[in-house]
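Q: coords below, sequence missing:
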């Protein structure tokens, strides 16, 4: 790269565009040879069902403790595929870059994306880049789409939670949302909060292999937190879910930061957590699988599908009361992912 900032000309389709692609983006993200750079990526034939998902990322700040907009954009799409029981095959990347972004900043973001894709075992196969004038975006926005292969015949769906199912979560809640918020607002905390952003496809693969058809539903509780996600599943499956406050894992620093800001950890975003609905006789086995995985050390059984009371979610509080849980209303933490 001859320039140390992104210029409007880098989006022209001409020489500067090719310089940006050939010198920076393609070598870091895919390494696809110039002779193989066509208008579409060709994927090997897949047998069986495929999952397809897309998501866009506008997180502010673009770098935060535990990750960046680059790593987050890969983890988010990989995890959406995993929640359908699919293993990622290919990812596309769309970059919208504001004129004036430092090339070194872009390079770091691309390197984070590449490292995240390698960790998840997925290839970035195709993409697009657009440059917009100063003030028409905020540094960089990213869209990623993913295709995943479903190598089993299980019915893993938000509409498949069943009465008696145990609800497992693979670790502490609210870490991502509070990490971004604390960094954005410059909160002085005794202990730093780190985002939980991580790829969950390997953990899901182990759960599928271990418990099979006794795994009924999966969902990653991102925006809106676990409260909103549980409400979605309760509505889809037409059931009532009861959550146990005493078994919900929450880091003390996260709980303290939420208290300072008047937030409830139940509604704070996560980016490396999943909620798994399992038959009762599979709960302990699934919990052991999670505990033996790098992204499940703090896993816990935190709820149960208790009745066919359509769309209801309740929290059994530490003092024995019952609290109705609804979806997040309004925007609690803007630009959290």
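A: Great, that's in hand. Quick caveat: nothing in here was measured; it's all calculated off a predicted structure. Numbering: from 1, shown residues only.
Q: okay, CA-based contacts and neighbour counts for the rest of this
A: OK.
Q: can you tell me the SS state at residue 306?
A: With DSSP: H, G, I helix; E, B strand; the rest coil as the basis, residue 306 sits in strand.
Q: ok, now residue 222?
A: coil.
Q: tell me who's in contact with it.
A: With contact taken as CA atoms under 8 Å, 6 or more residues apart in numbering, residue 222 is in contact with 268-271.
Q: give me the pLDDT for it.
A: Looking at residue 222, its pLDDT is 96.
Q: measure it to residue 209 for me?
A: Residue 222 sits at a distance of 25 Å from residue 209 (criterion: CA to CA, to the nearest Å).
Q: mind giving me the domain ranges of this structure?
A: Split into domains by automatic domain parsing, the chain comes to 8-35+46-150, 166-324.
Q: columns distance to residue 156 on top of those, output as a markdown table?
A: Converted to a markdown table, the domains of the chain look like this (distance: least, CA to CA, whole Å):
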| stretch | distance to residue 156 |
| --- | --- |
| domain 8-35+46-150 | 6 |
| domain 166-324 | 5 |
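Q: quick one: residue 126 is in a strand?
A: Yes. Counting by three-state DSSP, residue 126 is part of a strand.
Q: just to revisit the earlier point, what's the closest of the contacts of residue 222 to residue 132?
A: residue 271 (28.2 Å; CA to CA).
Q: what about the closest one, which helix or strand?
A: For residue 271, there is no helix or strand it lies in under DSSP states H and E.
Q: run a quick neighbour tally on it.
A: 27 (other CA atoms under 10 Å).
Q: surely it and residue 197 touch.
A: Yes. Using CA atoms under 8 Å, residue 271 makes contact with residue 197 at a distance of 4.5 Å.
Q: anything in contact with each of these two?
A: By CA under 8 Å, 6+ apart, residue 271 and residue 197 have these common neighbours: 72, 75, 176.
Q: and the residue nearest to the spatial centre of the chain, what does it touch?
A: For the chain, the residue nearest the mean C-alpha position is residue 76 (3.2 Å; CA atoms, centre = their mean). For residue 76, the contact set (CA under 8 Å, 6+ apart) comprises 55, 199, 271.
Q: now do the SS call for it.
A: helix.
Q: now it: how far from residue 187?
A: Plainly put, residue 76 is 26 Å away from residue 187 if you go by CA to CA.
Q: in the stretch 201-337 of the chain, which spans are strands?
A: Remark: strands assigned in the stretch 201-337 of the chain by DSSP state E, counting those that start in this stretch are 215-219, 240-244, 275-278, 300-307, 312-316, 322-324.
Q: ok so residue 117 is a helix residue?
A: Yes. Remark: residue 117 belongs to a helix, assigned using three-state DSSP.
Q: got the buried residues for stretch 312-324?
A: Neighbour-count burial for stretch 312-324, with 16 or more other CA atoms under 10 Å as criterion, is recorded at 312-316.
Q: and that stretch, how far apart are its ends?
A: 8 Å.
Q: so which residues make contact with it?
A: Residues contacting stretch 312-324 (CA under 8 Å, 6+ apart): 230-231, 234-235, 239-246, 325-326.
Q: now do stretch 304-319: distance to the chain's middle.
A: Put simply, stretch 304-319 sits 25 Å off its chain's centre (CA atoms, centre = their mean, to the nearest Å).
Q: quick one: end-to-end length of that stretch, please.
A: Separation of the first and last residues of stretch 304-319 by CA to CA is 18 Å.
Q: stretch 187-195 too?
A: 15 Å.
Q: quick check: residue 138 touching residue 99?
A: No. Residue 138 is beyond contact range of residue 99, at 9.5 Å (criterion: CA under 8 Å).
Q: so which of these two has more stuff around it?
A: Taking neighbours as other CA under 10 Å, residue 138 and residue 99 compare with residue 99 leading, 24 against 18.
Q: pLDDT value on the more buried one, please?
A: Here, the pLDDT recorded for residue 99 equals 98.
Q: quick one: it from residue 125, how far?
A: Residue 99 is 25 Å from residue 125, by CA to CA.
Q: got it, and residue 137?
A: 25 Å.
Q: neighbour-wise, which of these two wins?
A: residue 125 (21 against 15).
Q: wait, the more buried one sits on residue 90?
A: Yes. Judged on CA under 8 Å, residue 125 makes contact with residue 90 at a distance of 6.0 Å.
Q: overlap in contacts of those two?
A: By CA under 8 Å, 6+ apart, no residue touches both residue 125 and residue 90.
Q: quick one on the thing from earlier: state the pair within the buried residues of stretch 312-324 that is farthest apart.
A: Farthest-apart pair in the buried residues of stretch 312-324 is 312 and 316; separation 13.0 Å (CA to CA).
Q: residues contacting stretch 130-145, please?
A: 6-8, 10-11, 52-58, 62, 69-70, 73-74, 77, 91-101.
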